[in-house]
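Engineer: below: sequence and its predicted model.
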Amino acid sequence: MSQSSKKKQQELTLLLQKGFGYFRSKNYPEALRYLNQALKLDPPNADPIYFNRGLLYNTTGKHQKALEDFSSAIQINSKNAVYFSKRGELLHKLGRDEEAIKDLTMAINMSPKRPDYFQLRANIYELLGKFQLAIQDVNRLVELIPNNLTLLTWRGQLLLKLNKLEESATLFRQLIKMFKGPSSAFLYYHLAEILFKQQKIQESILHYQGAIKLAPNNHIFLFNLGHALIKNEQFQDALGYISKAIKIAPNGNQNPNYLFAHGLCLLRTDEYQKAILDFTRALKVNPEFPSIYLYRGICYNKLSQNTLAIEDFKIAIQLDPKQLEYYFHMSQCLAEIGEYHEAIEKISIVLKCNPKDFRSYKLLAECQFMIEEWELSLKSFKMIYENMKNDDPEIQKILEKKSNEKKNEQEKEKEKVEEKEKEKEKEKEKEKEKEKEKEKENPKEKEKEKEKEKIDEKVDQKSELIIQVLCKIGQCYIKLEDLENAEKYFHLALDIRPNSVDARTGRGAVRFLRKEYAKALPDLEECYNVGGKKTAALTYLADTCFFLGHFKKAANYYEIIDKADPKNEDALFLCAQSYMKIANFKLAIKKCKKAILQEKTDLSRFYNLLGMAFTSIEKYPKSLKKYEKALKLSKNNPVYLFNHAVTLLKMEQIENAKKELMTCCELDPKNDGYHFWLAKCHSQLKQNEKSIKQLKISIELKSDEPQYYFARGLEYAQIGEKELSLNDLKKALSFDKENEHYLSLIEKIKNDKPVKENENEKEKGNENEKEKEKENEKEVVEKDEGGKNENEKEKNEKGKEKNDD
């Protein structure tokens, strides 16, 4: 080597020593100055200088210059693994991962036992979602560094990302056995994550608890345990763990996920107001979290704050218009506040995307039912039923099972041989004993039983859904007045569950509408006993008792309806009617006064009934006042006018009574009772011919009423028409053969004994009662013909009533 070369080499060595020294002491400007001077000497093997200057540039954040220097070093010496690894690391930092992988692969090929190269490449593969390639590198790392907890955990996590759940779970179980102490907390945590994904929620909870025992203040563990408990519907327990996670976590009270989960637990434990506070706090941190708006809306809905609920559902839909659940809850809320048309509009969006969504179709059908679109509702409910039958294997099994059970029952009925039945029972007992022995032998039988119970519960839920739909179909047919088809669907429901309250109520309603009251009564009574005061059977039951003449029972049921639903005017009226029937006039008056003070819609009928009650207790002046108030509110109502006239007659104001009864006959000429009572007025005024004329009309209108013939027979006797009198009295007797009064009068007339004018007074009480009952029944069956007056008049009457009573 020449003298000049030696001098140059010495100078280069000195520059490098100073440059590397300054680099180590982090005096980067001086280090850079010396390294630059060294490169100016243009040494033949300059790759270390370029590499170290690249490291310096990389350290000071000049990544592009660093990359150029690493590349220069590789150009000079392409067999140095470190150069490739560092350039690969820098390329990864610059986001050029594919190029980084190539450099790291070159480095690994040159140095296959360097774990840091495998680790970096595995990290990049994982970030790129290439989990299979990542796990290959991690497996190589595990070979190079065996029994390393971090690497083994990493492999388990990658298996989880590859959805190799069982393999991942097996690995973590092995690691838990291998590594003890606080370091194994994350092993329990990761195993719990896997079990949660496998839907093994109970096991998952146990392993989250295992992690928390080792690391009790890890807020991530606490939160995830809470999440698993929510999934398992253990909301109260979940609340405790999530509350602790919020306290421990840095800014936990501002973590929207934690606040959301906490609010969800409060919602599920019916703490709606507190849940709203949590959801609102979460939305302040993240106002674009659509699920929180959904659940806050559900809370508002539960609190009947439906305007706020609908606003939240709208925001949720705006943030995520593809989430059908938001539309469903909004339409459900709209239906609850009676906005059925808008609810139908929203639910139609769900059904366009998911035509077989059972809940949405059911809600649509119910909304159609509420807007009295009976045919559309029927069509929707039938479609639900057909879809359930055809698409749900579990429902098919239920229906097949019930069908088979029915056939078996029919076959059993045919079997008459008792010995065979006894043998079968003995065999069943033996089988049960064998099963018990097997259970003792096999400890897993209890787990199977629990699973079976869950399946049975699910089957029960499915059965209940079918029954609900079948009953709704039956109700639609009732509305369409197709009682035959209605009964058919209620029977289908009863085939599935013979004690179904809804189905028996429906069948009872059909029988009631057919006027088969005796058949309807057992169904309706059973439903009421099972379903309680809120059951729909109660109204039908009360009406059935009324029409069967069980007035005391009817009154009790109407009282229950009145307490549960004070706005039910018909129940209050019929309750008063029932008390009238059992001669409890005091309670009848009380009910009528209650209606008047509450400003019920149709006060006229209550005033009329009040008048009838006062008539019954012979307080005629009060009675007249009430009838007059009824007539003011419902002018020309023949029923009210008739009652007024009868009261006048009882007060012996015969002329006034006659005028009013004549008006009644003009208003309703086909009412036989009006003509009969007008005939009575004529009779008392000794206008026998006119009386006979009115009685003739009564008989033409109702030819099977004995008292009409009896009354006319008396009138004929008064004017000396013996034959005509006897004919009518015999006719009356033909309808009532054991009536001694009729027989004695016939004997008197035959023997030409005088008949007194008041001979019919003995019948008068009975006649009055019959007429009153007749008019009462008319009140129940018919709506008052006079119509309903304006509310202002009713309010005036209320004020007057307070003064009067």
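Structural biologist: Structure received.

Engineer: C-alpha only now, for contacts and for neighbours.
Structural biologist: OK.

Engineer: so where is this protein shaky, pLDDT-wise?
Structural biologist: The model of the chain has pLDDT under 70 over residues 1-4, 391-418, 432, 434-460, 531-536, 600, 754-805.

Engineer: element containing the residue nearest to residue 63 when sequence neighbours are not counted, please.
Structural biologist: Among residues not flanking residue 63 along the chain, residue 57 sits closest, at 6.4 Å (C-alpha to C-alpha, 6 or more residues apart in numbering). Secondary structure from DSSP states H and E places residue 57 in helix 47-59.

Engineer: then residue 187?
Structural biologist: helix 185-197.

Engineer: contacting residues for the closest residue to residue 272 other than its chain neighbours?
Structural biologist: Leaving out its chain neighbours, the residue that sits closest to residue 272 by C-alpha to C-alpha, 6+ apart is residue 299, at 5.2 Å. Contacts for residue 299 were tallied using C-alpha atoms under 8 Å, 6 or more residues apart in numbering; they are 267, 272, 273, 275, 276, 309.

Engineer: go again with 10 Å.
Structural biologist: Applying C-alpha atoms under 10 Å, 6 or more residues apart in numbering, one finds that residue 299 lies in contact with 263-264, 266-268, 270-276, 279, 293, 305-306, 308-309.

Engineer: which stretches in the stretch 601-750 of the chain count as helices?
Structural biologist: Assigned by DSSP state H, counting those that start in this stretch, the stretch 601-750 of the chain shows helices spanning 603-616, 620-633, 638-650, 654-667, 672-684, 688-701, 706-718, 722-735, 740-750.

Engineer: relative to residue 576, which of those is closest?
Structural biologist: For residue 576, the closest of these is helix 603-616, at 7.9 Å, according to C-alpha to C-alpha.

Engineer: helices or strands up against the closest one?
Structural biologist: helix 569-581, helix 585-597, helix 620-633, helix 638-650, helix 761-781, helix 791-804 (3 or more C-alpha pairs under 10 Å, 6 or more residues apart in numbering; DSSP states H and E).

Engineer: helix 620-633 and the fourth one, what's the angle between them?
Structural biologist: Using axes from the mean of the first three to the mean of the last three C-alpha atoms, to 10 degrees, the direction of helix 638-650 lies 160 degrees away from that of helix 620-633.

Engineer: next SSE after the helix or strand containing residue 540?
Structural biologist: Secondary structure assigned from DSSP H and E places residue 540 in helix 537-547. Per DSSP H and E, the first helix or strand lying C-terminal to helix 537-547 is helix 551-564.

Engineer: now the angle from that following helix to helix 585-597?
Structural biologist: 30 degrees.

Engineer: now helix 551-564: how far from the chain's centre is it?
Structural biologist: Averaged C-alpha coordinates place helix 551-564 at 29 Å from its chain's average position (C-alpha atoms, centre = their mean, to the nearest Å).

Engineer: buried set for it?
Structural biologist: Residues 551, 552, 553, 554, 555, 557, 558, 559, 560, 561, 562 are the ones in helix 551-564 that count as buried (16 or more other C-alpha atoms under 10 Å).

Engineer: show me what contacts residue 159?
Structural biologist: 131, 132, 135, 153, 165, 166, 167, 168, 169, 171.

Engineer: tell me which entries of those residues lie within strands.
Structural biologist: Using DSSP state E, no member of the contacts of residue 159 falls within strands.

Engineer: for these, which one is nearest residue 681?
Structural biologist: residue 165 (98.0 Å).

Engineer: the closest one touches residue 199, doesn't it?
Structural biologist: No. Using C-alpha atoms under 10 Å, residue 165 is not in contact with residue 199; the gap is 11.2 Å.

Engineer: ok, those two, which is more surrounded?
Structural biologist: Using other C-alpha atoms under 10 Å as the criterion, residue 165 and residue 199 rank with residue 165 on top: 20 against 14.

Engineer: mutual contacts of residue 165 and residue 199, please.
Structural biologist: Common neighbours of residue 165 and residue 199 are listed as residue 193 (criterion: C-alpha under 10 Å, 6+ apart).

Engineer: what's around residue 150, how many residues?
Structural biologist: Using other C-alpha under 10 Å, residue 150 has 11 neighbouring residues.

Engineer: again with residue 167
Structural biologist: Counted with other C-alpha under 10 Å, residues neighbouring residue 167 total 12.

Engineer: was I right about it contacting residue 160?
Structural biologist: Yes. In this structure, residue 167 is within contact of residue 160 by C-alpha under 10 Å, at 8.3 Å.
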